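[1] Provided below for reference: sequence and predicted model.
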Amino acid sequence: MDRYSARLDDAASIAEDVDYEGLLRAIAEFTLHAAVARAEDRSAWEQERFRREGLLALQFFRNGRALWADALLYRAEAKQAGQTGRLEPFEKANELQEGFCERLDRDLRAWWRARGYETETMLRDARTLFAELERDASDRACGAHEGFVREVLGR
């Protein structure tokens with residue numbers, strides 16, 4: 001069974017060594033935490049970068065090998081590695097997987113849809129989904145605050 005990891009640069013790990021379903025859940029959880037943090041005006045740079053750049057901001061790995069979705073870029077890097085005598089290590093550490101991000105995007109949108117959130121593609125940004133999640137988080141927090149005040153005041 002394939003194992004996946006997702007990172008935002010070297011600073012933020014989204015998922016480590018999980019199956020595909022675990023990868024979906026981990027990205028969804030990161031998205032949800034990021035949207036709530038943004039609604040509370042305490043988001044981190046990693047979360048903001050994901051909101052602005054979407055799935056293409058993430059680095060994906062399958063079975064320890066970096067996944068490349070861009071065939072032209074992969075081939076250019078492989079060619080350069082070949083010219084420097086490093087093709088074999090490059091091929092051991094990297095893998096071309098065209099369509100991976102599109103599949104992931106489709107599956108994530110289905111995951112969110114099953115939970116009542118309709119969103120556009122998250123490939124190049126996640127702003128639409130963030131806006132919807134932020135609204136829900138703010139509305140629910142407001143309701144919780146009002147309930148807390150009523151409870152403390154004994155109303």
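    In hand now; what should we look at?
[2] buried sites along the helix or strand bottoming out on mean pLDDT in the chain?
    Ranked by mean pLDDT, DSSP states H and E, the weakest helix or strand in the chain is helix 127-153, scoring a mean of 87. The neighbour-count check on helix 127-153 (16 or more other CB atoms under 10 Å) flags 129-130, 132-134, 136-137 as buried. Every residue, glycine included, has its C-beta placed from N, CA and C.
[3] Out of these, which comes closest to F50?
    F130 (8.8 Å; CB to CB).
[4] The closest one: what's it in contact with?
    31, 34-35, 38, 51 (CB atoms under 8 Å, 6 or more residues apart in numbering).
[5] Would you mind measuring from it to V36?
    Distance from F130 to V36, counting by CB to CB, to the nearest Å: 10 Å.
[6] Am I right that D107 is in contact with L23?
    No: between D107 and L23 there is no contact, the gap being 9.2 Å when judged by CB atoms under 8 Å.
[7] Settle it for me: which of those two has more neighbours?
    L23 (23 against 15; other CB atoms under 10 Å).
[8] Chain neighbours aside, what residue packs nearest to the more buried one?
    Excluding the flanking residues, the one nearest L23 by CB to CB, 6 or more residues apart in numbering is Y4, at 4.3 Å.
[9] swap in A126?
    G54 (4.8 Å).
[10] Please determine how far that neighbour is located from R42.
    21 Å.
[11] So which of the two has more stuff around it?
    More crowded of G54 and R42, by other CB under 10 Å: G54, with 22 against 9.
[12] ok, the more buried one to T84 distance?
    Distance, G54 to T84, by CB to CB: 32 Å.
[13] any idea which helix or strand carries the most centrally placed residue in the chain?
    By CA atoms, centre = their mean, the chain has its centre lying nearest to I27, at 4.2 Å. When elements are assigned from DSSP states H and E, I27 belongs to helix 20-39.
[14] Any buried residues in that helix, and which?
    23-24, 26-28, 30-32, 34-39.
[15] which residues are contacting it?
    So helix 20-39 is contacted by 2, 4, 6, 14-15, 18, 43-44, 46-48, 50-51, 55, 58, 104, 107-108, 111-112, 126, 129-130, 133-134, 137-138, 141 (CB under 8 Å, 6+ apart).
[16] relative to helix 127-153, how tilted is it?
    60 degrees (axes from the mean of the first three to the mean of the last three CA atoms, to 10 degrees).
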